[in-house]
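Engineer: can't give you the sequence, but here's the structure:
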C-alpha cells in the first residue's frame with residue numbers, strides 16, 4: 001500500500017497580487033496552493049507480482065491515496081512460478097503484435113503485387129496489338145516486340161512466385177494467429193488473477209504457445225505451410241494429447257460436478273455430429289477451394305508465357321496468329337489472376353481449413369471430458385454445456401434438442 005497524504009513535509013502557502021490595468025482599476029488574484037505531504041513509501045510484498053492494480057484517487061483535503069492490491073496476492077507460494085508465468089504472458093502479448101503487423105504486411109503484398117501484375121499484363125497485351133497495327137518495321141517494331149515480351153516474361157515470374165506463397169492465404173494465417181494468441185493471452189490473464197498458478201500451468205502454457213508457433217509460422221523460407229497439400233486436413237493449433245481409452249465410471253453412474261448421464265449422452269452425441277457433419281463439410285469445401293486454386297495457379301503463368309511467345313513472333317510468317325495469341329492470352333491472364341488473387345481463393349481455403357480445425361478442437365474437448373473416469377476432474381458439465389452452446393451459436397435448449405441430421409454449428 002502506497003499512501004500519499006497531505007501534512008507538513010511540503011508546505012506551500014502564498015498569496016500573490018497581480019496589478020492589471022482594466023478600466024483604471026486593479027484586479028487582485030489570490031492563489032493558495034494545497035498542502036501536499038509525502039509519507040515514507042512502504043514497499044509492497046513482492047512475493048508474486050501484481051496483475052491488477054487499483055488506483056483510488058480520493059480528493060479530500062488534497063489527499064490522494066494510491067492502493068496497489070492484487071487478487072492474486074498470497075495465493076501462489078512460489079514467486080519463481082509466478083515470474084515464469086508472467087514471462088509467458090509477455091511473450092504471448094509480443095506475438096500478438098508480431099502476427100498482426102506481419103498479417104497487414106502480407107495483405108499489402110497481395111494487393112500491390114496483383115495491381116502490378118495486371119498492369120504489366122495489360123501493358124504487354126497493348127504493346128502486342130500496337131506492334132501489329134503499326135505499319136512500321138525495323139527499330140520501332142522491334143522495340144514494341146521486346147517490351148511486350150519482357151513484360152510478359154516478368155509477369156510470368158511474378159505470378160509463379162505469388163502462386164507459390166499465396167499472399168492472401170499468408171495474411172489469413174496471420175489473422176488467425178493474432179486472434180488465437182489474443183485469446184490465449186486473455187485466458188492466461190484470467191488464470192493469473194483468479195487462482196494459484198502451478199508449475200503445471202506454466203508447462204501447459206508453454207506447450208500452447210509452441211503449438212501456435214508451429215501451426216502459424218512467421219518465416220516464409222523453410223517453415224512456410226504447404227499451400228497445395230495433397231491431403232486436406234483441419235488446422236491444429238493446440239497441443240496434441242494422448243488419446244485415453246474411453247472409460248465410464250463404475251456401474252455406469254455419472255453424477256456430480258454438473259454431470260449426469262443425460263448430459264454425458266448429449267455431449268457424446270454432439271461430438272459425433274461435429275465429427276460427421278461440420279468437420280467433414282468444411283474439409284469438403286476446403287478440397288473444392290484447393291482444386292479450384294490449383295487450376296487457376298496453373299492457368300495464369302501458362303497464359304502469360306504463351307503471351308510472351310506470341311509477342312516474340314510478331315512480324316514473322318506467323319504474324320496474325322502470333323498477334324492473336326499475344327493479345328488474347330494477355331486478356332485471359334488478367335481475368336484469371338484477378339479471380340485467383342483478387343478473389344483471394346487461397347484465403348478461402350485457409351478459412352475452411354481453420355473452421356474444420358475449430359470444430360475438431362470442440363470435438364476433442366468434449367471427448368477428453370467424457371472419457372475421464374473421475375467426474376470431479378472434468379470441467380464442470382453445466383459450464384461446458386454453456387460454453388459449447390455459445391461457441392456453436394445456439395442456446396442451451398437448442399443444444400439439447402440437436403438432431404443428428406443437422407449441423408452442430410449455427411454460427412458459421
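Structural biologist: Looks like it came in fine. Worth saying up front: this structure is predicted, and the values here are computed from it rather than measured.
Engineer: show me which residues of whatever helix or strand residue 209 lives in are buried.
Structural biologist: Applying DSSP states H and E as the criterion places residue 209 in helix 199-215. By neighbour count on 16 or more other CB atoms under 10 Å, the buried set for helix 199-215 is 201, 202, 205, 208, 209, 211, 212, 215. No exception for glycine: its C-beta is placed from N, CA and C like everyone else's.
Engineer: now swap in stretch 360-378 and tell me
Structural biologist: For stretch 360-378, burial by neighbour count (16+ other CB under 10 Å) applies to 360-367, 369-370, 372, 375, 378.
Engineer: swap in stretch 185-197?
Structural biologist: Across stretch 185-197, burial judged by 16+ other CB under 10 Å covers 185, 188, 191, 192, 196, 197.
Engineer: what about it, average pLDDT?
Structural biologist: If you average the pLDDT over stretch 185-197, you get 90.
Engineer: do the same with stretch 384-394
Structural biologist: Stretch 384-394 shows a mean pLDDT of 93.
Engineer: identify all contacting residues around it.
Structural biologist: The contact list for stretch 384-394, computed with CB atoms under 8 Å, 6 or more residues apart in numbering, reads 258, 263, 266-267, 270, 362, 365-366, 369, 378, 395-396, 398-399, 402, 408-412.
Engineer: go with 6 Å
Structural biologist: Residues outside stretch 384-394 that contact it (CB atoms under 6 Å, 6 or more residues apart in numbering): 395, 396, 399, 408, 409, 410, 411.
Engineer: and the third one, what element?
Structural biologist: With elements taken from DSSP H and E, the one containing residue 399 is helix 396-400.
Engineer: which helices and strands sit right next to that helix?
Structural biologist: Contacts defined by 3 or more CB pairs under 6 Å, 6 or more residues apart in numbering; DSSP states H and E place helix 396-400 against no helix or strand at all.
Engineer: report the buried residues of that helix.
Structural biologist: Applying a neighbour-count criterion of 16+ other CB under 10 Å, one finds residue 399 buried in helix 396-400.
Engineer: residues contacting that helix, please?
Structural biologist: Counting by CB under 6 Å, 6+ apart, 266, 389 sit against helix 396-400.
Engineer: take the buried residues of stretch 360-378 and write them to a markdown table, including distance to residue 390.
Structural biologist: As requested, these are exported to a markdown table (distance: CB to CB, whole Å):
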| residue | distance to residue 390 |
| --- | --- |
| 360 | 18 |
| 361 | 15 |
| 362 | 11 |
| 363 | 16 |
| 364 | 18 |
| 365 | 13 |
| 366 | 14 |
| 367 | 19 |
| 369 | 17 |
| 370 | 19 |
| 372 | 22 |
| 375 | 22 |
| 378 | 19 |
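Engineer: nearest to residue 150, of those residues?
Structural biologist: Relative to residue 150, the closest of the buried residues of stretch 360-378 is residue 360; by CB to CB it sits at 48.3 Å.
Engineer: and that closest one, what does it touch?
Structural biologist: When contacts are counted by CB under 6 Å, 6+ apart, residue 360 touches 234, 279.
Engineer: counting contacts, what elements does the helix or strand hosting residue 192 pack onto?
Structural biologist: Using DSSP H and E, residue 192 falls within helix 167-194. Applying 3+ CB pairs under 6 Å, 6+ apart, we find helix 167-194 packed against helix 79-133, helix 345-370.
Engineer: nearest to residue 345, of the buried residues of helix 199-215?
Structural biologist: Nearest to residue 345, judged by CB to CB, of those is residue 215 at 21.1 Å.
Engineer: how close does that closest one get to residue 381?
Structural biologist: 29 Å (CB to CB, to the nearest Å).
Engineer: and what of residue 126?
Structural biologist: For residue 126, the distance to residue 381 equals 68 Å [CB to CB].
Engineer: can you get me a residue count around residue 146?
Structural biologist: Using other CB atoms under 10 Å, residue 146 is surrounded by 14 other residues.
Engineer: secondary structure class for it?
Structural biologist: helix (DSSP: H, G, I helix; E, B strand; the rest coil).
Engineer: show the pLDDT at it.
Structural biologist: pLDDT recorded at residue 146 is 91.
Engineer: what of residue 371?
Structural biologist: Residue 371 carries a pLDDT value of 89.
Engineer: again with the one 4 residues further on
Structural biologist: Residue 375 carries a pLDDT score of 87 in this model.
Engineer: what does residue 172 give?
Structural biologist: On the pLDDT scale, residue 172 is placed at 96.
Engineer: is it true that it touches residue 348?
Structural biologist: No - using CB atoms under 6 Å, residue 172 is not in contact with residue 348; the gap is 8.5 Å.
Engineer: okay, those two: which has more neighbours?
Structural biologist: Higher neighbour count among residue 172 and residue 348: residue 172, with 24 against 20, using other CB under 10 Å.
Engineer: for the closest residue to residue 102 other than its chain neighbours, give me its contacts.
Structural biologist: Using CB to CB, 6 or more residues apart in numbering and skipping the chain neighbours, the partner closest in space to residue 102 is residue 174 (5.3 Å). Neighbouring residues of residue 174 by CB under 6 Å, 6+ apart: 99, 102, 103.
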